[in-house]
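> need a 3D model of the following:
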Amino acid sequence: MARLSPSVVVLAIWAMLLLGEIGVVYGQATPCQGDMQGLITQCAVYVQKGTPMAEPSATCCTAVKTVDIPCVCQKITKQVEIMVDMNKVFHLASYCGRPLPHGTKCGSSIVP
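Residues are numbered from 1 along each chain as shown. As a prediction, the model looks like this:
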């Protein structure tokens, strides 16, 4: 039986949660605005746990710039945080010109 690579698993979890299949805000499914597909496919590799911190690609940043980052933060669950390094999420947002204000709650983490 073939094994899935960790990046494929991260991609699948992000896709399910951020595209609204599982993520529920205020009792109803509310998808976040912007290029969620691009965010997932282009950026998942940059926020994965167990990999070195890296500067995101231009295509990842293009997707980040279209997305409602506070909405995405509301969708990040404990299940996502098992696979995603939140410090890398904060780095990605900042690097791509969409920094989260200090003290913002994103998933269960607070932006330092």
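> what about the nearest residue to residue 59 once chain neighbours are set aside, neighbour count?
Residue nearest to residue 59 in three dimensions, not counting chain neighbours: residue 42, with 4.7 Å by CB to CB, 6 or more residues apart in numbering. C-beta here means a position set from N, CA and C on the backbone, and glycine is covered the same way. Counted by other CB atoms under 10 Å, the residues lying close to residue 42 total 19.
> cool, residue 70 as well?
For residue 70, the neighbour count with other CB under 10 Å is 14.
> could you list the low-pLDDT ranges of the chain?
1-30 (pLDDT under 70).
> and the helices in it?
Using DSSP state H, the helices assigned to the chain run over residues 6-18, 36-47, 58-66, 69-75, 78-83, 86-95.
> before we move on, the earlier item: surely the residue nearest to residue 59 meets residue 60?
Yes. Applying CB atoms under 8 Å, one finds residue 42 in contact with residue 60, separated by 4.2 Å.
> what sits against residue 54?
Residue 54 sits next to residue 46 when contact means CB atoms under 8 Å, 6 or more residues apart in numbering.
> all set now, cheers.
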